Structures are given as C-alpha cells and as structure tokens.
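# kindly generate the corresponding structure for this input.
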Amino acid sequence: MTTTERPTGFSAHTSRLVRWFACIGLLIMTAIIGWQVFARYVLNASPAWAEQAALLLMIWYVMFAAAAGVREGFHIRIGVIENALPARLQRIVRSLGHALVGLFGVAMVVWGAELVGATWEHDIPTLGLPRGVAYVPMPLSGLLIALFSVEHIIATWRGREVRDAWN
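Presented below is the predicted three-dimensional model:
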C-alpha cells in the first residue's frame, strides 16, 4: 500500500464517516454558540434553544469521536510496561487492553440502551425532542468501540497493525 492509499473496509470507512460527523457536529455547535452570544449581547434576545442544542450536539459528536479514537488509536495509552516485555507478552497485554476497552463498549451498549429507553418519555423542553435522543449515541458508539476493539485484537494476534483510516 502506498502512502496515498487509504485502508478500505467497513471499519476504515465507518471510522472516516464517524470522524467527519464529529467534525461537522463541532462546527455546527460552534455556530450555534456564536449565534447565542451574538443574539444575547447584540440583539438582547438570547434564543432559548441554543444552549440545549449545543449540548445535544456535543454529546453526539464526542461519543462518536471517542469510538473513532479507539479505531485510530488516538486515545490515551501508556506503553512503558508493555514495551519492556517480550514480544509474546506484549501481544497478550495489548490484547487484554483492547479487550477491556471492548468490554467497556459492550457496557455502553447495554446500559446506554437502557438509559435511552428510560428517558425517551421525557422531553427536552426547549427543543421539543425526547430526552432519550441525547443518549442514543451511547449505545451506538459503544457498539463501534466494541467492534473496533475486536479488530485490534485480531490484528494484534495476526502480527499486524490497524492502519489509520483518516490520512
């Protein structure tokens, strides 16, 4: 694979899609906050919906960016002990780390779905949306985190690396 080629496949495409979604969400949230500040200080009429809309967007894009972070490996990790171990033990430690992250993703799926169901009947007053809409990205991103973790475990045991899908 040359440096100009990107990895292909479901995982790489999903990661790129999720990161674009997160970037666009951040831009829209920034525009909403900008409008709120302008409306408050220039027009003396702050829109009631702006703060809740920005918070809702932030929950969505942060959760999906976190899932992409697992795929792309830009989450926090300290490899001092792992790097000091023999190659076989490095593989085991790396796999255990990915397995723990994957289990966290599964927990997000299970309890995130429960949270969505428990809050769906409550409204976000200024937006007129069910409160559960704010929590929908939790189980979705948890599923992606679990899948991306499995991908890393498989790659580790095959002696490969998961290549960055963004560049």
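# can you give me the helices in this protein?
All helices of the chain, identified by DSSP state H, fall at 10-41, 50-72, 80-84, 87-119, 132-135, 137-157.
# just send these back as TSV, with mean neighbour count too.
The way it works is simple: take the backbone N, C-alpha and C, and place the C-beta from them, glycine included. Conversion of the helices of the chain to TSV gives the following (neighbours: other CB atoms under 10 Å):
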stretch	mean neighbour count
helix 10-41	16
helix 50-72	20
helix 80-84	10
helix 87-119	16
helix 132-135	20
helix 137-157	20
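# Pro125 is nearest to which of these?
helix 50-72 (8.1 Å; CB to CB).
# ok, residues contacting the lowest-mean-pLDDT helix or strand in the chain?
Least confident element among the helices and strands of the chain, by mean pLDDT, DSSP states H and E: helix 80-84 (a mean of 76). Helix 80-84 is contacted by residues 90, 93-94, 97 when judged by CB atoms under 8 Å, 6 or more residues apart in numbering.
# settle this for me: Ser141 is touching Gly69, isn't it.
No. Ser141 is not in contact with Gly69 according to CB atoms under 8 Å; the separation is 10.1 Å.
# any regions of the protein where pLDDT drops low?
1-8, 75-79, 164-167 (pLDDT under 70).
# just checking, Ala68 touches Phe21?
No. With contacts counted by CB under 8 Å, Ala68 stays clear of Phe21, the gap being 9.0 Å.
# give me the phi and psi for Gln127.
Residue 127: Leu, not Gln. Torsion angles at Leu127 (phi, psi; degrees, to the nearest 10) stand at phi -110, psi -20.
# contact partners for it?
By CB under 8 Å, 6+ apart, the neighbours of Leu127 are 49, 52-53, 56.
# if I look at it, how far off is Ser141?
21 Å (CB to CB, to the nearest Å).
# now the spatially closest residue to Trp35 that is not a sequence neighbour: how far from Leu26?
Closest residue to Trp35 apart from its sequence neighbours, by CB to CB, 6 or more residues apart in numbering: Ala50 at 6.3 Å. Counting by CB to CB, the separation of Ala50 from Leu26 is 16 Å.
# Gln52 now?
Taking CB to CB, one finds Gln52 at 17 Å from Leu26.
# same question, Arg16
Applying CB to CB, the value for Arg16 to Leu26 is 16 Å.
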